[in-house]
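Undergrad: Fold the following.
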Amino acid sequence: MGAVLGRAFDDCLVTESIFKLLQIFGALIQRSLIALELSDRMPILVNMLNQEMDECKLIYSKQMSRIANKGKALVDRNMPPMCGQLKWATELKAKMSFSVKSFKELNHPVCYKEGAKQFFRKYKEMMNLLTTFEDEVFQMWNLGITKKMTQSLSRSLILRDEFKGTLRVNFGRDLSAILREVRCLKVSNKHPYLKLLLALAYFIEG
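TA: Numbers count the residues shown, from 1 in each chain. Below is the predicted model of the structure:
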């Protein structure tokens with residue numbers, strides 16, 4: 001059984017596969033022979049986790065360089081700019097948090113060695129960078145919408161078609177863009193700025 005686990009472990013290319021493998025084996029990994037087979041490979045898992053954190057840092061650095069050089073981030077083309085950047089950061093956070101949570105749940109002696117401590121330090125650094133990035137993205141967007149909202153709300157939001165007699169909304173591009181950002185976050189229902197944005201949407205639409 002230990003040999004089977006060892007072979008399966010060696011075939012795993014990413015940490016997520018390793019965690020799923022260990023979850024399948026469950027309590028069996030506590031048996032002495034299997035635990036011995038696993039302990040020889042745990043440093044490999046720690047190295048892979050550190051490499052993944054380095055890759056996340058590289059992804060972050062490339063995004064920052066793109067923003068600095070081109071003035072815009074690389075986001076999902078179906079997402080509005082502000083929401084797209086927040087989603088990008090949230091997804092990167094989720095990827096890292098899954099690895100940390102799964103690693104801690106192993107409760108293996110390797111979790112307390114220097115390699116693991118280095119992994120946790122990298123995770124903490126990246127989470128701080130991404131949280132700061134999210135705050136800056138939202139604050140920049142928030143500062144820019146005040147003037148746009150004032151201009152948009154100063155005119156009638158509903159107009160009557162002179163020929164057809166029907167009513168239509170008179171939202172400008174700026175106001176439509178703001179509402180799109182709000183509705184996009186509303187769908188996710190997860191971001192910490194959601195309550196503030198919903199209040200903004202209520203103000204505009206109400």
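Undergrad: Residue 60 versus residue 52, what's the distance?
TA: Going from residue 52 to residue 60 by Cβ to Cβ, to the nearest Å gives 13 Å. Where you see a C-beta, it was placed from the backbone N, CA and C, and this is true even at glycine.
Undergrad: Now do the same contact list for the closest residue to residue 54 other than its chain neighbours.
TA: Excluding the flanking residues, the one nearest residue 54 by Cβ to Cβ, 6 or more residues apart in numbering is residue 122, at 7.3 Å. If you count contacts by Cβ atoms under 8 Å, 6 or more residues apart in numbering, residue 122 has them with 50, 53-54, 57.
Undergrad: Could you do residue 19 as well?
TA: Taking Cβ under 8 Å, 6+ apart as the criterion, residue 19 is in contact with 99, 102-103.
Undergrad: Could you dump the residues you listed into JSON lines with pLDDT, neighbour count and distance to residue 72 added?
TA: Formatted as JSON lines, the contacts of residue 19 follow (pLDDT from 0 to 100; neighbours: other Cβ atoms under 10 Å; distance: Cβ to Cβ, whole Å):
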{"residue": "99", "pLDDT": "95", "neighbour count": "21", "distance to residue 72": "29"}
{"residue": "102", "pLDDT": "94", "neighbour count": "17", "distance to residue 72": "34"}
{"residue": "103", "pLDDT": "94", "neighbour count": "22", "distance to residue 72": "35"}
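Undergrad: In helices only, show me those residues.
TA: Using DSSP state H, the subset of these located in helices is 99, 102-103.
Undergrad: TSV please, covering the residues you listed and showing distance to residue 90.
TA: As requested, the ones in helices among the contacts of residue 19 are exported to TSV (distance: Cβ to Cβ, whole Å):
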residue	distance to residue 90
99	16
102	19
103	21
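Undergrad: Tell me the one among the residues you listed nearest to residue 132.
TA: Of all these, residue 132 sits closest to residue 99, with 20.8 Å by Cβ to Cβ.
Undergrad: hang on, isn't the closest one packed against residue 50?
TA: No - with contact defined as Cβ atoms under 8 Å, residue 99 does not count as touching residue 50 (10.4 Å).
Undergrad: Tell me which residues of stretch 123-142 come out buried.
TA: Across stretch 123-142, burial judged by 16 or more other Cβ atoms under 10 Å covers 123, 126, 129-130, 133-134, 137-138, 141.
Undergrad: er, stretch 98-109 I mean
TA: For stretch 98-109, a neighbour-count test (16+ other Cβ under 10 Å) marks 99-100, 102-103, 106, 108 as buried.
Undergrad: Run through who's touching that stretch.
TA: Here stretch 98-109 has contacts from 15-16, 19, 22, 38-39, 42, 45, 49, 52, 111, 116, 119-120, 123, using Cβ under 8 Å, 6+ apart.
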